[in-house]
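**Q** Sequence first, then the predicted structure:
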Amino acid sequence: MQPIGGAVRPDGKIAYRAQLLYFTASPEQVANSDATVYLSDGLLIVHDGHVVQAGDYQMLAASLGADTHVVDWRGKLIMPGFIDTHLHYPQTDIIASPAEGLLPWLETYTFPEESRFQNPEHATRTASFFLDELMRCGTTTALVYCTVHPESAQAFFEESHARQLRMVAGKVMMDRNCPDYLQDTAESGARDSETLIQRWHDKGRQMYALTPRFAPTSSPEQLALCGELAQQYPDVFIQSHLAENTRELEWVRELFPGHRSYLDIYDYFGLLRPRAVYGHCIWLDETDRRRMAETQTLAVHCPTSNLFLASGLFDFAAASASGVPVALGTDVGGGTSFSMLQTMAAAHNVARMSGHHLSAHSLFYLATEGAARGLDLGGRIGTLAPGAEADFVVLDPQATPLLARRTARAESLEELLFALIVLGDDRTVAATYSAGRLVHSRDQY
Ligand code: GUN
Ligand code: ZN
């Protein structure tokens, strides 16, 4: 076993023997067998933080040089690390706070908690715990909201950079309709965001996301300056919230009269495009969906949050039929778990409520290759294909006594994957690797 965070033998390659699984297409569009690469006895060869090859053990073993160290993970399933496309690190300590819906929850818990992040030491300590928690859950990339304080983003990026994780994050912009102690101005929000872009976007594995919190807390001037930055920096991400809650929708209609829909506001300010990522997207109509598809704007389904805050049920079938790119998010702390396995289970249940069946293949696709494509990071993360960054997770079908009994009875790969989702959580993650480095090992704790 490698030490956590330790150097991988710089001289040679390292190879991992296990079941291997990754996706080459959406299982919603083609048959499972055409969408997946699955090897029941596979070998994943890694060098210099990247995948060299993923193939059948018997075929590849003979060609391994004497300098290749083989790590034996037989009995386990290796797949690409999970990608959580929407969550808030400053809300780590208020997860599981009850409230009567989104707006009271923001006022009662979220805003007071976020005020603590002007203190860089607090921000650093929380970012460190948060990143450990992601690794424990097998999440190797996340799109992360910081707070309005530039220090909160600085602290987050420093922690993530030191661990060489592939993370996307941004300082929240909000210049109205929130407590004074959390407000920036249109100008300071844009200036601080630009400084952070120049300091962090594409530095090592860090990437920046312009982060207007949501339309109600940004003035038209702030959204306009955000749109200008988006134009100036076409490869940075944009992240915000959209159409989460019906009371929010009424408020948005009052604040922005004259717009056809909530989505239309972001469209008007130039904030729809590839690498624009919107959380929730529950209360959309067909025109909105067509526009998201046309602009390749990513919709993030956050099922545990939507159930917890009673926001509504995301219509996966409608999004899919319109060609809207979709990925999954935990939305911690509105969401109730850091685990993408639990998030996939909730997505399955929400889809069922509207008569749509989301298969386990589809759910794992959404959390890996589908998310990577939606983020315009296809080929780099979310896959075990040669050349990809070696971010992967080792799942244990025997992680708990119940999971062991159920997976022993699985008669197909779909049944095995389904059990991992429905019965899985952080205990299911035996190890997590980022850029070929071991960053979490369950059994070392
Ligand atoms: N809308 C605006 N801010 C937030 C937030 O922090 N969480 C959720 N779930 N929705 C929001
Ligand atoms: Zn959110």
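**A** Received, thanks. Residues are numbered from 1 along each chain as shown. Ligands and ions are numbered 1, 2, ... in the order given.
**Q** quick one, what contacts S128?
**A** Residues near S128 by C-beta atoms under 8 Å, 6 or more residues apart in numbering: E159. (Each C-beta comes from the backbone N, C-alpha and C, glycine too.)
**Q** does it count as helix, strand or coil?
**A** Secondary structure, DSSP: H, G, I helix; E, B strand; the rest coil: S128 is helix.
**Q** Assign a three-state SS to the most centrally placed residue in the chain, would you?
**A** Among the residues of the chain, the one closest to the centroid is D84, at 1.4 Å (C-alpha atoms, centre = their mean). Using three-state DSSP, the structure places D84 in strand.
**Q** Excluding sequence neighbours, find me the nearest residue to the closest residue to ligand 1 within the chain.
**A** Using C-beta to the nearest ligand atom, the closest approach of the chain to ligand 1 is made by G334 at 3.4 Å. The shortest distance from G334 to any non-neighbouring residue, by C-beta to C-beta, 6 or more residues apart in numbering, is to S305 (3.9 Å).
**Q** So the residue nearest to the centre of the chain sits against G335, correct?
**A** No. The pair D84 and G335 fails to qualify as a contact (C-beta atoms under 8 Å) at a distance of 9.3 Å.
**Q** Need the overlap of contacts for those two.
**A** The contact sets of D84 and G335 overlap at 329, 343 (C-beta under 8 Å, 6+ apart).
**Q** I'd like to know how far T140 sits from L377.
**A** Counting by C-beta to C-beta, to the nearest Å, the separation of T140 from L377 is 12 Å.
**Q** Enumerate the positions of the helix or strand harbouring the residue nearest to G334 that are buried.
**A** Taking DSSP states H and E as the criterion, S305 maps to helix 303-308. Of all the residues in helix 303-308, those buried under the rule 16 or more other C-beta atoms under 10 Å are 303-308.
**Q** before we move on, the earlier item: check contacts around the residue nearest to G334.
**A** 280, 311, 329-331, 334-336.
**Q** Please apply the same query to R116.
**A** Contacts of R116 by C-beta under 8 Å, 6+ apart are 90, 122.
**Q** Quick check: mean pLDDT of the helix or strand that contains A327?
**A** Assessed by DSSP H and E, A327 sits inside strand 326-328. Mean pLDDT, strand 326-328: 98.
**Q** For the next helix or strand after that strand, name the packing helices and strands.
**A** Next in sequence after strand 326-328, counting helices and strands by DSSP H and E, comes helix 340-353. Counting contacts by 3 or more C-beta pairs under 8 Å, 6 or more residues apart in numbering; DSSP states H and E, helix 340-353 packs against strand 82-88, helix 303-308, helix 316-322, strand 326-328, helix 360-367, helix 413-423.
**Q** Is there any residue in helix 340-353 that contacts ligand 1?
**A** No. Helix 340-353 is not in contact with ligand 1 by C-beta under 6 Å from any ligand atom; minimum separation 13.6 Å.
**Q** ok but G279 is inside a helix, no?
**A** No. Judged by three-state DSSP, G279 forms no part of a helix; its state is strand.
**Q** Could you find the closest non-adjacent residue to it?
**A** H86 (4.2 Å).
**Q** roughly how far apart are that neighbour and E244?
**A** With C-beta to C-beta as the criterion, H86 and E244 are 11 Å apart.
**Q** same check, this time on L377
**A** 25 Å.
**Q** and L21, helix, strand or coil?
**A** strand.
**Q** Does it touch A54 like I think?
**A** No. The pair L21 / A54 is not scored as a contact, 9.6 Å apart, by C-beta under 8 Å.
**Q** list residues touching both of the two?
**A** In contact with both L21 and A54: 37, 39, using C-beta under 8 Å, 6+ apart.
**Q** any idea how far H86 lies from ligand 2?
**A** 6 Å (C-beta to the ion, to the nearest Å).
**Q** burial count for I421?
**A** When neighbours are defined as other C-beta atoms under 10 Å, I421 has 23 of them.
**Q** isn't it right next to T343, touching?
**A** No. The pair I421 and T343 fails to qualify as a contact (C-beta under 8 Å) at a distance of 9.3 Å.
**Q** Can you give me the neighbour number for G55?
**A** By other C-beta under 10 Å, neighbour count at G55 equals 18.
**Q** same thing with the one 3 residues further on?
**A** Using other C-beta under 10 Å as the criterion, Q58 is surrounded by 10 other residues.
**Q** what about the residue nearest to it when sequence neighbours are not counted, which SS state?
**A** Nearest residue to Q58, sequence neighbours excluded (C-beta to C-beta, 6+ apart): D41, at 7.0 Å. Following three-state DSSP, the label given to D41 is strand.
**Q** Pull up the residues of this structure that are close to ligand 1.
**A** 88, 102, 106, 110, 213-214, 241, 244, 305, 331, 334.
**Q** could you redo the last one with a cut-off of 5 Å?
**A** Residues of the chain found near ligand 1 (C-beta under 5 Å from any ligand atom) are 214, 241, 334.
**Q** Just among these, which is most surrounded?
**A** G334 (31 neighbours).
**Q** and it, what are its phi and psi?
**A** phi -70, psi -30 (degrees, to the nearest 10).
**Q** That one contacts P303, doesn't it?
**A** No. G334 lies out of contact with P303 (C-beta under 8 Å); the separation is 11.2 Å.
**Q** For the stretch 151-300 of the chain, which segments count as strands?
**A** Assigned by DSSP state E, counting those that start in this stretch, the strands in the stretch 151-300 of the chain fall at 167-170, 172-173, 206-212, 237-242, 276-280, 298-301.
**Q** Of those, which is nearest D264?
**A** strand 237-242 (10.8 Å; C-beta to C-beta).
**Q** ok, which stretches of the stretch 1-150 of the chain are helices?
**A** Here the stretch 1-150 of the chain has its helices, by DSSP state H, counting those that start in this stretch, at 32-35, 57-61, 102-105, 111-114, 120-136, 150-162.
**Q** Deepest in the core, which of the ones you listed is it.
**A** Among the helices of the stretch 1-150 of the chain, the stretch with the highest mean neighbour count (mean count of other C-beta atoms under 10 Å) is helix 150-162, at a mean of 22.
**Q** hmm, who's touching it?
**A** 89-90, 117-120, 123-124, 127-128, 131, 144, 146, 167, 169-171, 192, 195-196, 199-200, 203-206.
**Q** Quick check: the residue of the stretch 301-445 of the chain nearest ligand 2.
**A** For the stretch 301-445 of the chain, the residue closest to ligand 2 is D331, as judged by C-beta to the ion, at 4.6 Å.
**Q** residues in contact with that residue?
**A** 86-88, 279-280, 302, 304-305.
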